[in-house]
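Colleague: Sequence plus the predicted model coming up.
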Amino acid sequence: MAELLQTERTYVKDLETCIKSFLHEMNSSATVPSPIQSKEEVIFGNMEEIYEFHNSMFLKELEKYETMPEDVGHCFVTWAQKFDMYVKYCKNKPESNSMLVQHGGSFFEELQKKHKVEHPIAAYLIKPVQRITKYQLLLKDLQSCCEEGQGEIKDGLEVMLNVPKKANDAMHLSLLDGCDVSLDKLGEVILQDTFHVWDPKQIIRKGRERHIFLFELYLLFSKEVKDSSGKAKYLYKNKLMTSELGVTEHIEGDECKFAVWTGRAPISDYRIVLKAANLDGKQTWVKKLREVIQETYFSTALPLSMPKSPAKMKSGSQRSSRDLEDSMSLDESVENLDRGSLASFGSGNTTDSDKVG
């Protein structure tokens, strides 16, 4: 607990140093290079908002638990929504880095010398990103040494594990370019990662590298490219509606491969094969895909109290009312995402194996 408080005070002081020595000087200086004039929000993101939260609220709250470390998890749960401000900060970070490297180097070096600041500006701008991951380590340490309050600390740890994931997802999503649907209509990002992909229309049998986003409503495929300055972005390629999606867990010949498909059966001519970096990654995606398929399917189906007439099913759903009845008999328990094994999901739109390689 002592380390948590000590590092929190140091963190608040570092944010204050960055704001006073760099941000405020940039606001008032007459020598700001023209490419970064009025670009404070791009370079510093919402650092001031983060500083105000920690300096005025969170540090004071943590101090209340100095003699009750077993209860400190409650502090993180209480302020969980406030930590979403880090998602905004991290989403902006790639653009901040790019602008700083291209246009701000010498200007901020001069400010560092002027104020005798210990570290360059980049070291301070990375502090919020480092802090959200540091909380995880500190809470894990507390969990291992506190016999009481395990539940509270675990809840706090779950909050802080979720923040970096949301921030990382937001950073990758910010690089997506050319999507034909507004991002706010795609739903929440559930998973995103890079795969080797084999398309059914593909003549050359070598897998293509694709960065894939799983949203609540769509599975979206993109291609990573770099511009002349080396900045990466994801070019939109295509998407599949999760309400029409099926998944095949096993592809013969490679334990890291699985397939997604649309239609009534996983016919090889109409499926897309994906290869994950490792088996754990594959299992995570298959399990989460099955959860999303089930959730989106039920959300497009009729309420259970109404007659199950295929004619009244929402257009776009390719399953019959019989499929819905079969799905409702499934075991609804789903294993925790952190566990390696897959929960069984035996609906008509998921298959466990496929002997066509």
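Modeller: Arrived safely, thanks for sending.
Colleague: Buried ones in stretch 17-30, by neighbour count?
Modeller: 17-19, 21-23, 25-26 (16 or more other Cβ atoms under 10 Å). C-beta: built from backbone N, CA, C; applies to glycine.
Colleague: what about whichever strand or helix holds F213, distance to the chain center?
Modeller: Element membership of F213 [criterion: DSSP states H and E] is strand 208-215. Distance of strand 208-215 from its chain centroid, counting by Cα atoms, centre = their mean, to the nearest Å, is 13 Å.
Colleague: other SSEs contacting it?
Modeller: Contacts defined by 3 or more Cβ pairs under 8 Å, 6 or more residues apart in numbering; DSSP states H and E place strand 208-215 against helix 150-173, strand 189-198, strand 218-226, helix 279-300.
Colleague: Grab the most central residue of this protein for me.
Modeller: D169 (2.7 Å; Cα atoms, centre = their mean).
Colleague: Could you list the domains of the protein?
Modeller: Per the record, the chain has its domains at 1-173, 178-301, by the TED database.
Colleague: and I272, what element?
Modeller: strand 271-275.
Colleague: In space, what's closest to the residue nearest to the centre of the chain - neighbours in sequence excluded?
Modeller: Distances taken as Cβ to Cβ, 6 or more residues apart in numbering put V189 closest to D169, at 4.2 Å, once the chain neighbours are dropped.
Colleague: Please name the residues that touch the one you found.
Modeller: Counting by Cβ atoms under 8 Å, 6 or more residues apart in numbering, V189 touches 166, 169-170, 172-173, 213-215.
Colleague: Which one (most neighbours) among those?
Modeller: Ranked by neighbour count (other Cβ atoms under 10 Å), the contacts of V189 have F213 at the top, with 24 neighbours.
Colleague: For that one, give me its contacts.
Modeller: 172-173, 176, 186, 189, 191-192, 219-220, 222.
Colleague: coming back round to it: so for the strand holding F213, what's the average pLDDT?
Modeller: Model confidence over strand 208-215, given as mean pLDDT, is 96.
Colleague: quick one: that strand to helix 150-173, angle?
Modeller: 130 degrees (axes from the mean of the first three to the mean of the last three Cα atoms, to 10 degrees).
Colleague: What count of nearby residues applies to L4?
Modeller: Residues near L4, counting by other Cβ under 10 Å, number 21.
Colleague: again with F221
Modeller: That count, for F221 with other Cβ under 10 Å as the rule, works out to 22.
Colleague: Run a quick check on it versus N238, I expect a contact.
Modeller: Yes. Counting by Cβ atoms under 8 Å, F221 touches N238, with 5.2 Å between them.
Colleague: can you pull the pLDDT of the residue nearest to M160 when sequence neighbours are not counted?
Modeller: Closest residue to M160 apart from its sequence neighbours, by Cβ to Cβ, 6+ apart: Y135 at 4.4 Å. pLDDT for Y135: 92.
Colleague: re earlier: what about the strand holding I272, average pLDDT?
Modeller: On average, strand 271-275 scores 93.
Colleague: CA atoms of that strand as PDB?
Modeller: Only the C-alpha atoms of strand 271-275 are listed here, as PDB (Å, rounded to 0.1, in the frame of the first residue of the first chain):
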ATOM      1  CA  ARG A 271     -15.800 -19.900 -45.600                       C
ATOM      2  CA  ILE A 272     -12.900 -17.800 -44.500                       C
ATOM      3  CA  VAL A 273     -10.100 -19.600 -42.700                       C
ATOM      4  CA  LEU A 274      -8.100 -17.600 -40.100                       C
ATOM      5  CA  LYS A 275      -4.800 -18.600 -38.400                       C
END
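Colleague: contacting residues for L175?
Modeller: Counting by Cβ under 8 Å, 6+ apart, L175 makes contact with 94, 232-234.
Colleague: Could I have the buried ones of these as PyMOL selection syntax?
Modeller: Remark: buried members of the contacts of L175, expressed as a PyMOL selection using 16+ other Cβ under 10 Å:
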select buried, resi 94+233+234
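Colleague: Reformat the contacts of L175 as JSON lines; add distance to E52.
Modeller: Output for the contacts of L175, formatted as JSON lines (distance: Cβ to Cβ, whole Å):
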{"residue": "P94", "distance to E52": "24"}
{"residue": "A232", "distance to E52": "32"}
{"residue": "K233", "distance to E52": "32"}
{"residue": "Y234", "distance to E52": "33"}
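Colleague: Filter the contacts of L175 down to just the ones in helices.
Modeller: Among the contacts of L175, the residues falling in helices (DSSP state H) are P94.
Colleague: quick one on the thing from earlier: wait, isn't the residue nearest to the centre of the chain in contact with Q192?
Modeller: Yes. Between D169 and Q192 there is a contact at 5.7 Å, judged by Cβ under 8 Å.
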